[in-house]
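A.B. asks: Below are the sequence and a predicted model for it; my questions follow.
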Amino acid sequence: MADQTPPSSGKRPDTRRWRTQTKLVRGGMKRSPFGETSEGLFLTSGFVYPTAESAETTFKGENERFIYSRFSNPTVGMFEERIALLEGAAAASSRRGRCSAAATTSSPTSCRATA
C-alpha cells in the first residue's frame with residue numbers, strides 16, 4: 001500500500017472573509033494525516049504518549065495535549081474552535097452535563113437535577 005499521508009502546510013486558513021455558512025462547515029477543522037474532507041470523529045477514550053515523562057508532564061498540566069476524552073478530545077476541540085469563530089471570540093469552551101455517563105449506565109432516577 002502506498003503512503004497515504006498528504007503534505008501539510010501547517011498554516012491556519014484566514015477566516016476573516018468567510019461567510020457564516022462556510023464557518024459552520026469548515027471552521028475549526030483540523031485534518032489528520034489522512035487528509036479527510038471533513039473532520040474526523042475521535043471515538044477513543046484515551047491517548048498515547050511517546051514516553052512516560054511526556055505523559056507525566058501532560059497530566060501535571062505542563063504540556064498541552066489531550067488526556068482523556070471526557071475532558072476534551074480533537075472532535076470537541078474542533079467544535080470549540082468553530083463556536084469561537086462563529087461568535088467572533090478568541091476561544092470557546094464546551095462542557096457536558098455532569099450526569100451524562102451516569103444516565104446511560106444506571107437508572108434514570110440516579111441523577112436528578114438540583115436547584
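C.D. replies: Received it, and whenever you're ready, just let me know what you need.

A.B. asks: any idea which helix or strand of the protein has the worst average confidence?
C.D. replies: helix 100-105 (a mean of 51; mean pLDDT, DSSP states H and E).

A.B. asks: Disregarding residues adjacent in the polypeptide, which is nearest to L86?
C.D. replies: Spatial nearest neighbour of L86, chain neighbours left out: K23 (5.4 Å); criterion: C-beta to C-beta, 6 or more residues apart in numbering. Yep, even glycine has a C-beta here, placed from its N, CA and C like the rest.

A.B. asks: Run a quick check on the one you found versus P13, I expect a contact.
C.D. replies: No - K23 lies out of contact with P13 (C-beta atoms under 8 Å); the separation is 10.8 Å.

A.B. asks: who's more crowded, the two?
C.D. replies: K23 (16 against 11; other C-beta atoms under 10 Å).
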